[in-house]
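Visitor: Below is the sequence, then the predicted model.
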Amino acid sequence: MNDNEERPVTIITGRVWRKKGGESEGVHVMLVAPDDDSAVRQALEALAKEGYAEAELDQIGDMQGDPDDEPHISAYQGALEGEVSIVTFREDF
């Protein structure tokens with residue numbers, strides 16, 4: 001990829017905890033980063049800034065097209081604008 005091409009939006013999935021030993025929430029983090037290591041670092045920094053005490057990141061990959069539903073549509077747009085977008089959701093086991 002050369003410098004003139006737009007980088008794809010990276011999505012990182014996993015779980016987060018507001019406090020250690022508390023209930024977990026599912027998380028999708030969307031951002032644009034030069035590489036996977038930078039993406040993970042930026043995601044962890046953003047999660048800490050939002051008050052999450054712990055994070056377990058499971059998968060990382062590039063988005064293939066725009067998402068279909070909110071809140072992912074807004075998160076995707078935020079990532080394209082340079083934000084680290086965080087979507088949390090209740091996990092049903």
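Guide: Looks like it came in fine.

Visitor: how much space between the closest residue to Leu47 other than its chain neighbours and Val40?
Guide: Closest residue to Leu47 apart from its sequence neighbours, by C-beta to C-beta, 6 or more residues apart in numbering: Ala55 at 5.1 Å. C-beta coordinates here come from the backbone N, C-alpha and C atoms, glycine included. Separation of Ala55 from Val40 (C-beta to C-beta, to the nearest Å): 10 Å.

Visitor: quick one: the residue nearest to Leu47 and Val27 touch, right?
Guide: Yes. Using C-beta atoms under 8 Å, Ala55 is in contact with Val27, at 7.2 Å.

Visitor: Can you tell me the SS state at Gly21?
Guide: coil (DSSP: H, G, I helix; E, B strand; the rest coil).

Visitor: What count of nearby residues applies to it?
Guide: Residues near Gly21, counting by other C-beta atoms under 10 Å, number 7.

Visitor: Show me what the residue sitting nearest the centre point of the chain is bridged to.
Guide: Nearest to the geometric centre of the chain sits Val29, at 0.9 Å (C-alpha atoms, centre = their mean). Beta-bridge partners recorded for Val29 (DSSP bridges): Ile12, Ile86.

Visitor: And the strands in the chain?
Guide: 10-17, 24-31, 54-62, 85-89 (DSSP state E).

Visitor: can you redo those as TSV with mean pLDDT and distance to Asp68?
Guide: Converted to TSV, the strands of the chain look like this (pLDDT from 0 to 100; distance: least, C-beta to C-beta, whole Å):
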stretch	mean pLDDT	distance to Asp68
strand 10-17	98	14
strand 24-31	98	14
strand 54-62	97	17
strand 85-89	97	14
